[in-house]
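**Q** What would the 3D arrangement of this be:
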Amino acid sequence: MGKMKKKHESGAATAFIPRNQAIKKLQLTIADFRRLCILKGVYPVEPKNKKKVNKGKSGNRTFYFAKDINYLASDPIINKFREFKTYVKRLKRAKGRRDVKALGRLRANKPSYKIDHIVKERYPTYTDAIRDLDDCLSLIFLFSVLPKSKRVYVERVHLAKKLSLEFMHYLIASKSLRKCFISIKGYYFQAEIKGQKVTWVMPHKLAYQCPDDVDFRIMSTFVEFYSIMLGFINFKSYQDIGLIYPPKLSVTNNETKINDDEYDLTDLNDEYLASLNCDMIKINQNQDESQGDEFPLAEEENAEQIENAKIEEENLNKLKILFKGLKFFLNREVPREPFVLAIRSFSGEVSWDKTTALGSTYQESDETITHQIVDRPLVGKTYLNRVYVQPQWVFDCINENMLLPVDDYLPGAVLPPHLSPFVDTNDHGYIPPEKQKLIKMKLGITDTEDKVGDEKSENKSEEKILEKTDVKASKKEETKIVKKKPSKNSDSEDESEESEEEEEINDMKVDLDSPDEDEQESEQESSLSENEEEQTKPDKTKKPIIAVVKAQPKVENKNLLLKRQADEERKLSEMMIPKKNKRLYDKIIKSKKKKNQEVEKLKQKRKIYDENQVKNAKKIK
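**A** This is a model prediction of the structure:
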């Protein structure tokens with residue numbers, strides 16, 4: 001007889017471990033355990049059957065995978081946590097005894113640790129790190145704007161600011177930015193790095209009040225890890241495009257402009273780095289951008305794919321030089337960082353008042369300025385050789401990959417809706433009227449062409465109505481001629497009348513040799529004739545004259561036939577679906593119907609909104 005199995009000693013009960021047991025096993029405090037889990041990327045899990053895992057108990061507990069805890073136990077950083085705990089105890093003892101020498105000795109030998117090996121473990125390749133860069137950038141940009149407080153270390157804030165500026169310089173140099181959007185939370189940006197799309201939020205630089213319900217210790221642990229990770233990414237990114245890291249700017253490298261006695265070069269380099277308006281020194285200044293090789297065999301095999309790739313590349317190259325040749329000037333009220341990043345990433349030139357910050361390249365009086373970005377009513381001197389626009393114009397131009405007309409973005413004008421570039425209209429189904437207008441503008445369709453098209457369609461409909469009335473009148477005359485009562489005087493008169501009626505009917509009928517009209521019109525005529533013949537049926541008492549008429553060819557609507565055939569094929573294919581796949585098919589159909597219903601709701605909402613806008617405009621007048 002085999003060994004008897006005991007309950008909760010195999011299966012799900014051994015695959016998971018509660019948090020309390022994990023802390024006892026690792027011999028750490030709960031704060032150190034949380035910190036270790038964040039650094040190593042180990043998170044709690046929710047078992048499918050909690051009762052089995054919890055050994056028959058139904059209480060709420062936090063569980064981890066047992067293999068994850070075993071993985072944590074072998075990390076050398078746990079010893080550093082224990083050393084730091086010992087260091088804190090000794091420091092407290094020295095402070096209590098007021099031993100100044102011991103305090104100095106302990107602070108000089110404060111234990112420290114590195115998490116470089118953890119970053120390499122979690123992200124073995126550069127592409128893996130780029131895929132997980134969204135949360136990293138959002139948190140680093142958030143900490144870069146935090147004020148000085150007791151909850152956050154100032155060194156972390158300065159490091160986050162430095163890393164975020166370095167990353168923005170890389171985006172400008174590599175032209176990697178693709179989409180921008182302004183929201184209440186901040187500025188949303190999307191970049192494409194090594195084929196991976198990275199989206200993050202840059203917060204508004206406003207007065208900040210530290211919330212009480214946020215645990216900044218946990219957030220600081222995340223920032224500690226993400227700062228090391230972003231440092232690795234910046235170093236590799238700068239190397240790939242041939243730039244020196246840490247970045248050295250061409251302004252601070254020029255000895256004729258800067259005197260070493262007056263300025264500290266390191267501080268000045270940081271200030272110019274924050275301006276985002278200076279070029280960086282490359283490893284090889286004469287480095288040429290390598291172009292991809294073309295393989296004729298690949299083109300023959302996948303001609304359509306390569307053609308689509310070429311079109312996408314052309315659009316991308318067009319986007320990268322969107323603001324080329326344009327010079328922008330930012331007013332004091334316009335936030336500098338996001339707009340300098342957006343304009344310079346698309347080959348534009350930008351500057352501001354020299355009293356605002358370092359890095360301005362030209363002043364407001366420069367006559368070569370093409371656009372001045374203003375967010376307040378115009379006051380003071382204005383220049384006729386430039387365009388004054390509101391900040392939204394820059395972001396809308398980037399999202400639509402074209403320079404939009406500035407009439408809707410003039411100072412004081414009511415701005416058009418700021419549409420999100422992250423919503424795919426093809427998947428969503430509903431396209432707002434403003435987006436439709438922009439699509440027509442891209443295709444080169446003007447308002448006059450739309451009006452002409454509408455007028456043409458109206459004229460065609462009027463012509464069809466007139467033709468229908470003419471057909472009705474002619475058919476009525478035909479029926480009257482056919483229903484004429486024959487005279488009873490003589491046989492000769494009857495024969496003559498019959499011959500006359502035959503001639504008239506033949507004259508009224510359409511000749512076979514004449515060209516056919518449109519398919520839809522011929523169908524309408526045939527339906528009208530059938531209805532009228534039914535209405536004007538001869539009485540049984542009267543004997544109608546039978547006339548021989550030329551036969552007309554039966555015109556069939558090909559589109560209608562094709563549609564019927566497609567419907568029949570679809571129904572047959574639905575009948576052939578196996579039962580196990582039928583549920584999935586029904587779910588897909590249900591989701592499509594639900595999507596169509598949502599689109600209809602949005603259209604109704606838009607209709608109500610437009611009606612209310614018209615009513616409000618009338619009330620104001």
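
**Q** And for stretch 375-389, what's in contact with it?
**A** Residues outside stretch 375-389 that contact it (C-beta atoms under 8 Å, 6 or more residues apart in numbering): 329, 331, 333-334, 367, 369-374, 390-391, 406, 409-412. For the C-beta atoms, the positions are set from N, CA and C on the backbone; glycine is no exception.

**Q** Just the ones of these in helices?
**A** Using DSSP state H, no member of the contacts of stretch 375-389 sits in helices.

**Q** Whichever of those residues count as buried, I'd like them selected in ChimeraX; how would that read?
**A** Entered in ChimeraX, the line below selects the buried ones among the contacts of stretch 375-389, by 16 or more other C-beta atoms under 10 Å:
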select :329,331,334,369,371,372,373,374,390,391,409,411
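
**Q** Out of the contacts of stretch 375-389, list just those in strands.
**A** 329, 371-373 (DSSP state E).

**Q** pLDDT weak spots in the stretch 451-600 of the chain?
**A** The stretch 451-600 of the chain contains residues with pLDDT under 70 at 451-547.

**Q** again, but for the stretch 251-400 of the chain
**A** 251-267, 285-301.

**Q** Please, where are all the strands along it?
**A** In the stretch 251-400 of the chain, the segments counted as strands under DSSP state E, counting those that start in this stretch are 327-330, 349-352, 371-373, 387-389.

**Q** right, so of the ones you listed, which gets closest to residue 282?
**A** Closest to residue 282 of the strands of the stretch 251-400 of the chain is strand 349-352 (C-beta to C-beta; 19.6 Å).

**Q** Output the closest one as CSV, restricted to C-alpha atoms.
**A** Below are the C-alpha coordinates for strand 349-352, written out as CSV (Å, rounded to 0.1, in the frame of the first residue of the first chain):
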residue,chain,number,x,y,z
GLU,A,349,13.1,76.9,-34.5
VAL,A,350,11.8,78.4,-31.2
SER,A,351,12.9,81.2,-28.8
TRP,A,352,11.5,83.3,-26.0
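
**Q** So which bits of it are buried?
**A** Under the neighbour-count criterion of 16+ other C-beta under 10 Å, strand 349-352 has 349-352 buried.

**Q** circling back to that earlier point, would you mind giving the ones in strands among the contacts of stretch 375-389 as CSV with distance to residue 16 added?
**A** As requested, the ones in strands among the contacts of stretch 375-389 are exported to CSV (distance: C-beta to C-beta, whole Å):
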residue, distance to residue 16
329, 61
371, 60
372, 62
373, 57
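
**Q** Closest to residue 74 out of those residues?
**A** Using C-beta to C-beta, residue 373 is the member of these that lies nearest residue 74, at 55.6 Å.

**Q** In contact with the closest one, which residues?
**A** Residue 373 neighbours (C-beta under 8 Å, 6+ apart): 328-331, 334, 339, 389-391, 393-394.

**Q** let's see 7 Å
**A** 328, 330-331, 334, 339, 389, 391, 394 (C-beta atoms under 7 Å, 6 or more residues apart in numbering).

**Q** wait, is residue 213 part of a helix?
**A** No. Counting by DSSP: H, G, I helix; E, B strand; the rest coil, residue 213 is not part of a helix but coil.

**Q** re the thing from before, spatially, which two of the contacts of residue 373 are the most separated?
**A** Those two in these that are separated most widely, counting by C-beta to C-beta, are 331 and 394, at 13.0 Å.

**Q** related to what we said a few turns ago, what's the closest of the ones in strands among the contacts of stretch 375-389 to residue 116?
**A** Looking across the ones in strands among the contacts of stretch 375-389 and measuring by C-beta to C-beta, the closest to residue 116 is residue 373, at 42.2 Å.

**Q** ok, now how distant is that closest one from residue 274?
**A** Relative to residue 274, residue 373 is positioned 19 Å away (criterion: C-beta to C-beta, to the nearest Å).

**Q** Can you identify each of the strands in the stretch 101-250 of the chain by residue range?
**A** Going by DSSP E, counting those that start in this stretch, the stretch 101-250 of the chain shows strands at 177-182, 186-193, 196-203.
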